[in-house]
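[1] The following comprises the amino acid sequence and a computationally predicted model.
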2 protein chains.
Amino acid sequence: MTRPSDYTRQNIVKAAVALFAERGYEGASIRAIVSKAGANQAAINYHFKSKDGLYLEVLKVAFEGYTRFNGFDPEQLKDLPREEALRSFVQQQLRPLLARDDMSRYVRIFAWENVHPSKVLRKFITTNATPYLARAAELVRRFLPPDTSDTDAACAAIWLMGQCSIFVRNRDQFVQPPFNLKIDESFVEQLTDLVCGLALKGLARAA
Amino acid sequence: MTRPSDYTRQNIVKAAVALFAERGYEGASIRAIVSKAGANQAAINYHFKSKDGLYLEVLKVAFEGYTRFNGFDPEQLKDLPREEALRSFVQQQLRPLLARDDMSRYVRIFAWENVHPSKVLRKFITTNATPYLARAAELVRRFLPPDTSDTDAACAAIWLMGQCSIFVRNRDQFVQPPFNLKIDESFVEQLTDLVCGLALKGLARAA
DNA sequence: TCTAAATTCGAACAAATGTTTGAATCATGG
DNA sequence: CCATGATTCAAACATTTGTTCGAATTTAGA
């Protein structure tokens, strides 16, 4: 592809990521997006065929960026002692708290998708979340009795992720009053210790 | 007020609750709402002044219904042993899983508000969530060392609520494939045991 | 340099949105 | 029964929405 057209294309995607994250799919108009991108209105339909097409591209970018940043390597975790593997997992789950703007925008886009899943991502989740959850369940299972049912293991994995996601999801609200949490590296480290310690001991005692 | 006008008013609110829950504030058009309510389009502006006014009314109804159903009595919990108080709290947090349609709609409306807080609810939260979190922190504090900081206690309370909210929030997704959880009374009871047991042991060991 | 394709641009389109209007209908108290 | 206010209704309003169009401009290869 040519250089200048790629430039406006990237600009549009970048602006779209910001606006979709801030206002959701329906709340972000293409006029607002092209305005922020400094591009023409018809450029969206030219480059992405439609608003849906742009959104799909944004979802790809967000998912790719998120997994590359946050993705945990199941093979790597398998070689670690279960306690260290758990801590590594929790650490990765909490990592977006410290991430720069792009990452928090990706998180927000997925939060939107969570309350109103698009048909596009629904399939996406069905094929991608399953192995992800399965790996998390496998990790948790190392702490549970051998005869634990698949449902119980899945629930335990969800339970573990919930402990992290509530902080990641509501990060922006916790920073403001009345909570006033100062989210820096030291806080996240502290939080990792807290979550990890509590979850670990809970799991260990359950075993 | 007169009887018939109250009837259409209630119909509109009921339809609005359903549609705001399903599609969010912007996704639910007033034409769709009045159509579902079997009312005239101008009725919304007549009864609620504007779409914003209707939404504010819906938020009131949702919050009132939610707290009446889910609200926990701090005085009552104080008299219980800390383990029973914790279990009661978890039980209340998970209760919406079993609730009938109205309650799950309220939960969904708050989920929308969570990704995109309206100015209306932002103040609302600031004044209402604070005491709620404070009470939860107080409950959790009974398991923590006496010198635990306020921030740590608040984090522990958030941590506890996160374990429940992930199930309540994503209830609809967990029912469908690939998760296929069967959410009935026995499951919720089981889940309460799981969450409560894991959290309890985690907290107890931390103390 | 010249040509053909790729890209940008402003304008217009149809559809959907929240709101307002004024007449019609209803309920209610004198 | 009648008159006054409350309520409903269909229609139209002004905006905003996503999309399409054709001409203008830019880019890249011969």
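    Looks like it came in fine.
[2] Run the chain-centre distance for stretch A:59-76.
    Using C-alpha atoms, centre = their mean, to the nearest Å, the mean C-alpha position of stretch A:59-76 is found 8 Å from that of the whole chain.
[3] How about that stretch and chain B, touching?
    No: counting by C-beta under 8 Å from any C-beta of the partner chain, chain B is not contacted by stretch A:59-76; separation bottoms out at 14.4 Å. Placement of C-beta: from N, CA and C, glycine included.
[4] which other residues reach that stretch?
    A:13, A:17, A:88-89, A:92-93, A:95-96, A:99, A:102-103, A:105-107, A:109-110, A:113, A:118, A:120-121, A:124, A:128, A:135, A:138 (C-beta atoms under 8 Å, 6 or more residues apart in numbering or on different chains).
[5] okay, the least confident helix or strand in chain A by mean pLDDT in PDB with CA atoms only?
    Here the helix or strand of chain A ranked lowest by mean pLDDT, DSSP states H and E is helix A:74-78, holding a mean of 74. What follows is helix A:74-78, C-alpha atoms only, in PDB (Å, rounded to 0.1, in the frame of the first residue of the first chain):
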ATOM      1  CA  PRO A  74       0.500 -21.500  29.500                       C
ATOM      2  CA  GLU A  75       3.600 -23.600  28.700                       C
ATOM      3  CA  GLN A  76       5.800 -21.200  30.700                       C
ATOM      4  CA  LEU A  77       3.400 -21.300  33.700                       C
ATOM      5  CA  LYS A  78       3.300 -25.100  33.700                       C
END
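[6] List the buried residues in that helix.
    residue A:77 (16 or more other C-beta atoms under 10 Å in any protein chain shown).
[7] Equivalent analysis for stretch A:27-43, please.
    Neighbour count says stretch A:27-43 has A:27-28, A:30, A:32-34, A:36-37, A:39, A:43 buried, by 16+ other C-beta under 10 Å.
[8] swap in stretch A:159-174?
    In stretch A:159-174, counting by 16+ other C-beta under 10 Å, buried: A:159-171, A:173-174.
[9] Now, these that are in helices?
    Mapping the buried residues of stretch A:159-174 onto helices (DSSP state H) picks out A:159-169, A:171, A:173-174.
[10] could you point out which element follows the longest helix seen in chain A?
    Looking across chain A with DSSP H, the single longest helix is helix A:3-27. Downstream of helix A:3-27, the next assigned helix or strand under DSSP states H and E is helix A:30-37.
[11] what about the next helix or strand along the chain from that next one, near DNA strand D?
    Downstream of helix A:30-37, the next assigned helix or strand under DSSP H and E is helix A:42-48. Yes: remark: helix A:42-48 sits within contact range of DNA strand D at A:42, A:44-45, by C-beta under 7 Å from any atom of the strand.
[12] pLDDT of helix A:42-48, averaged?
    Averaging pLDDT along helix A:42-48 yields 96.
[13] which parts of that helix are buried?
    Result for helix A:42-48 [16+ other C-beta under 10 Å]: buried residues A:43-44, A:47-48.
[14] Next one: that helix, is it in contact with DNA strand C?
    Yes: Helix A:42-48 reaches DNA strand C (C-beta under 7 Å from any atom of the strand) through A:42-43, A:46-47.
[15] from the residues you listed, which is closest to DNA strand D?
    Lowest distance from DNA strand D to the residues of helix A:42-48 next to DNA strand C (C-beta to the nearest atom of the strand) belongs to residue A:42, with 3.6 Å.
[16] show me the contacts for residue A:15.
    A:33-34, A:36-37.
[17] Sorry, wrong one. I was asking about residue A:108.
    Taking C-beta under 8 Å, 6+ apart, one finds A:21-22, B:115 in contact with residue A:108.
[18] what is the mean pLDDT for the helix or strand containing it?
    Element membership of residue A:108, judged by DSSP H and E, is helix A:101-115. For helix A:101-115, mean pLDDT is 90.
[19] so where's chain A shaky on pLDDT?
    In the prediction, chain A carries residues with pLDDT under 70 at positions A:1-4, A:70-74, A:202-207.
[20] anything in stretch A:101-120 near DNA strand D?
    No: Stretch A:101-120 does not reach DNA strand D (C-beta under 7 Å from any atom of the strand); its nearest approach is 13.5 Å.
[21] got the buried residues for that stretch?
    Quick answer for stretch A:101-120 (16+ other C-beta under 10 Å): A:102-116.
[22] tell me, what residue is most central in chain A?
    residue A:107 (4.5 Å; C-alpha atoms, centre = their mean).
[23] which ones are touching that one?
    A:66, A:96, A:168-169, A:171.
[24] so which of the residues you listed comes closest to chain B?
    Distance to chain B across the contacts of residue A:107 (C-beta to the nearest C-beta) is lowest for residue A:169, with 7.4 Å.
[25] Tabulate the residues of helix A:42-48 next to DNA strand D (CSV), appending distance to chain B.
    Output for these, formatted as CSV (distance: C-beta to the nearest C-beta, whole Å):
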residue, distance to chain B
A:42, 24
A:44, 19
A:45, 22
